[in-house]
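S.K.: with the sequence up front, the predicted model follows.
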Amino acid sequence: MKRRLWHFHGGLHLPEHKQASMTKPVVAAALPDEIILPMQQHIGSPAEPVVKVGEHVLKGQRVAKASEYVSAPVHASTSGEVIAIEERGVPHPSGLPLLSIVIKPDGKDEWTELKPVPDYAQLDPSALRNVIRDAGIVGLGGAGFPSFIKLNPGPDNAVDTLILNGAECEPYITCDAMLMQERPRDIIDGLLIMKHALRARHCIIAIEDNKKVALTLLKNSLQEHEAEFLKIVSIPTIYPSGGEKQLIRILTGKEVPSHGLPIDIGVVCHNVATAAAICKVINEGKPLVERYITVTGETLDQPRNLKVRIGTPCIDLLNACGWREDQTDEVLMGGPMMGFGIPALDMPTVKTSNCLLARPKDQPHQQPAMPCIRCGQCAAVCPAQLLPQQMYWYARARDFDKIQAYNLFDCIECGCCAYVCPSRIPLVQYYRFAKTEIWAKERDKEKADHARQRHEFRLQRLERKKKEDEERRRRKKELLKKTQPKPDSEADIKQAAIQAAMDRVKAKRATQEQQKKNIENLNEKQQQAIEAVEKRRQRLRNAGADNEENP
Amino acid sequence: MLAAILILSVLAILFGLLLGFAAMRYKVEGDPIVDQIDAILPQTQCGQCGYPGCRPYAEAIARGEADINQCPPGGEAGIVALADLLGRDVKPLNDEHGEHKEKKTVVIIDEKLCIGCTLCIQACPVDAIVGAAKQMHTVIKDECTGCNLCIPPCPVDCIHIIPVEDDIKTWCWPEPEAELEQPPIEEPV
């Protein structure tokens, strides 16, 4: 029986450009001169280094630990020496540096001791999640959210459907397609492990119908008994069917609520590459140290997919594929729709890098933008059913309350609106700008609230201290009154205080003179020496007194 | 006629009592408008407005003593928000009180020069400086509001202002360049 599928709103049929990078099998990229491992390759807090400069590390050895719950450890992707722990540029639109561990490979590529899990079905889901967390697995589809969190449905949620996303809808990118062709069984095994962790009832692997080979190979490696709960579904090729919310809509007909998560409707969605990585962790004990990356574009002689050690500089991969630098305008990380220009090509590839796309010069999008003519094409293609042109006006006017009322945060930045815009307005840039501005405002607000709290606390503290000081003074006065029976005037009080102080000093001096130190267990000689000193001291004291009397 | 007057008077007294009771029962502690104004102010506690902190300034605005354009750290955005809240006209920042700085700053103590006098600790409105008498002091960067109140009391001028640099988490996308007002006119061939 053919499975019923639904449609999401809008979407685009884009030229695929996928064939170029799929003609050659995946090969491992050469060992680079330097491996650069940024401490943040995931969503959440950055990892903390646990190695020192000069230390020798093995492939698969943990070099940085997760700092908080939403964080992921980082592992060395080859054996070698840690030559630096310093700030390095990372592939991020900002071009800002990030703390990174730099490893000089020793060429041996020697694995650390691996600990596979022999029978994961015997493991408790939480123990399984811990294994996955310690292996540094994050979502390999692009966002990089730590996978163990998405494998934890929470006590109140039951998972009906676990979806494995093999849609890979963005043009040029083929790393997931190649993975499905080359390691179909790993993907299915990984899916079964995920199913165990989530206690999911049904599983679906969704593949766009332009990947016929992957579809057949996956279906062939499916075992008979698995076919009862695991369906491999071919979905129509339309961008962005690989968006999480869009894919859920296609497969189940359900909408993920605005500001909600798929788990709210009993669905969890993972990428196929994540499943394959999890399979490696459990079956072979290997943490996430390598991934498939598509290196493609019109200015490459041999566009193809490479198995890349995470941390390999982008330039090494481009050169391995016959890159013609002089004809290239810029190199994108990611696809043409959602990717961003890499600020410098010696930056490393990270866990979430799926594609390097070299763009030739003279692309139409580089022409200047023109005014919005309110044609409404952007709204027609928006897969999130938003009103892109309204949001664009509010972003330009910096009216951030209004733009949120138009559900800016439901925008998945797929780029459909900007693609169809006849005025070539960089719409997505405006939404990214608005989103980060809103986050910055929220941070400022939090900081202001915190400062207010601290200021109020300080005022309270000063007030309390003032009261305590007053109280202490009052008590002292009372005590003085009690010890000095009714002094007549203020002068008398002062005199009495002076007298008391002098008495105290005298008493102290007297006790000091009486207390002699280290006088136990003395022999006779020492005793005599001490007596001689005492005599001398007495004499000096007498002489001093005489001098004072007769200067 | 008399009955009508009587009924109305009784009703009036009844409702009057009800209102009076409600006013006592649901009395609002403090002045809510002060809280709302205070929530807009940036809480640097810098005193540039002429009041000893953000809350006193908020109270002064609520009493009508102070104008809404005296807060340089809040800048134009702060003035607009205050004008919105209070239904007043937006006006430019009063430059008697200082200039708005786009880039946020914090202070840093040159620890080699610090003599441990504690004067800056006493000046800091948010307890962001740690140290003790004759011990080196240091600024907790995350708590510093950039009010610069610690700088004048320092006897050895060892406190410096540094800008807060963006990191990947706080970085914001730049605003795209505005479109061409007129599409380019193509020359006839």
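M.R.: Ah, there it is. Everything quoted here is computed from the prediction, not taken from an experiment. Residues are numbered from 1 along each chain as shown, chains lettered A, B, ... in the order given.
S.K.: chain A contacts on chain B?
M.R.: For chain B, the residues in contact with chain A (CB under 8 Å from any CB of the partner chain) are B:38, B:41-45, B:53-55, B:125-128, B:143, B:145, B:166-168, B:170-181, B:183. For the C-beta atoms, the positions are set from N, CA and C on the backbone; glycine is no exception.
S.K.: which among the residues you listed count as buried?
M.R.: For the residues of chain B next to chain A, a burial check counting by 16 or more other CB atoms under 10 Å in any protein chain shown picks out B:38, B:41-45, B:53-55, B:125-126, B:128, B:143, B:145, B:168, B:171-173, B:176, B:179.
S.K.: what about A:Ala167, neighbour count?
M.R.: Number of residues near A:Ala167 (other CB atoms under 10 Å in any protein chain shown) recorded here: 29.
S.K.: and it, what pLDDT?
M.R.: What the model reports for A:Ala167 is a pLDDT of 92.
S.K.: swap in the one 10 residues further on?
M.R.: Per-residue pLDDT puts A:Ala177 at 94.
S.K.: hey, which helix is longest across chain B?
M.R.: If you go by DSSP state H, chain B has its longest helix at helix B:2-25.
S.K.: now do the buried residues in whatever helix or strand comes next after that helix.
M.R.: Once helix B:2-25 ends, the next helix or strand along the chain (criterion: DSSP states H and E) is helix B:32-40. For helix B:32-40, the buried set under the neighbour-count rule, 16+ other CB under 10 Å, comprises B:Val34, B:Ile37, B:Asp38, B:Ala39, B:Ile40.
S.K.: the longest helix of chain B - what's its average pLDDT?
M.R.: Mean predicted lDDT for helix B:2-25 stands at 95.
S.K.: check which helices and strands it sits against.
M.R.: Applying 3 or more CB pairs under 8 Å, 6 or more residues apart in numbering or on different chains; DSSP states H and E, one finds that helix B:2-25 contacts no other helix or strand.
S.K.: what does the stretch 251-400 of chain A have sitting close to chain B?
M.R.: Residues of the stretch 251-400 of chain A lying near chain B (CB under 8 Å from any CB): A:Pro368, A:Ala369, A:Met370, A:Pro371, A:Cys372, A:Arg396.
S.K.: okay, those in TSV with neighbour count next?
M.R.: What follows is these, written out as TSV (neighbours: other CB atoms under 10 Å in any protein chain shown):
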residue	neighbour count
A:Pro368	11
A:Ala369	19
A:Met370	17
A:Pro371	13
A:Cys372	18
A:Arg396	18
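S.K.: distance to B:Lys112 added to those residues, as CSV?
M.R.: Below are those laid out as CSV (distance: CB to CB, whole Å):
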residue, distance to B:Lys112
A:Pro368, 53
A:Ala369, 52
A:Met370, 58
A:Pro371, 58
A:Cys372, 57
A:Arg396, 49
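S.K.: looking at these, which are in helices?
M.R.: Counting by DSSP H, those place A:Arg396 in helices.
S.K.: could you dump the residues of the stretch 251-400 of chain A next to chain B to JSON lines with pLDDT?
M.R.: Output for these, formatted as JSON lines (pLDDT from 0 to 100):
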{"residue": "A:Pro368", "pLDDT": "81"}
{"residue": "A:Ala369", "pLDDT": "85"}
{"residue": "A:Met370", "pLDDT": "88"}
{"residue": "A:Pro371", "pLDDT": "90"}
{"residue": "A:Cys372", "pLDDT": "91"}
{"residue": "A:Arg396", "pLDDT": "92"}
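S.K.: just give me the closest of the residues of the stretch 251-400 of chain A next to chain B to A:Arg432.
M.R.: Closest approach to A:Arg432 among these (CB to CB): A:Arg396, at 13.6 Å.
S.K.: so what's the closest residue to that closest one other than its chain neighbours up against?
M.R.: Spatial nearest neighbour of A:Arg396, chain neighbours left out: A:Tyr430 (6.8 Å); criterion: CB to CB, 6 or more residues apart in numbering or on different chains. For A:Tyr430, the contacting residues are A:Met391, A:Tyr392, A:Ala395, A:Arg396, B:Glu175, B:Pro176, by CB atoms under 8 Å, 6 or more residues apart in numbering or on different chains.
S.K.: again, 7 Å this time
M.R.: Applying CB atoms under 7 Å, 6 or more residues apart in numbering or on different chains to A:Tyr430 gives the contacts A:Tyr392, A:Ala395, A:Arg396, B:Pro176.
S.K.: same deal with B:Asp127?
M.R.: Shown in contact with B:Asp127 (CB under 7 Å, 6+ apart): A:Arg454, A:Arg458.
S.K.: check what pLDDT it gets.
M.R.: Model confidence at B:Asp127, given as pLDDT, is 91.
S.K.: now B:Glu179
M.R.: For B:Glu179, the predicted pLDDT is 68.
S.K.: ditto for A:Leu96
M.R.: A:Leu96 is given a pLDDT of 89.
S.K.: number of nearby residues for it?
M.R.: Neighbours of A:Leu96 under the rule other CB under 10 Å: 17.
S.K.: wait, it touches B:Lys169, no?
M.R.: No - between A:Leu96 and B:Lys169 there is no contact, the gap being 9.6 Å when judged by CB atoms under 7 Å.
S.K.: one step back: any chance of TSV for the contacts of A:Tyr430, columns distance to A:His75?
M.R.: Putting those into TSV (distance: CB to CB, whole Å) gives the following:
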residue	distance to A:His75
A:Tyr392	43
A:Ala395	40
A:Arg396	44
B:Pro176	38
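S.K.: spatially central residue in chain B, please.
M.R.: Nearest to the geometric centre of chain B sits B:Leu41, at 1.9 Å (CA atoms, centre = their mean).
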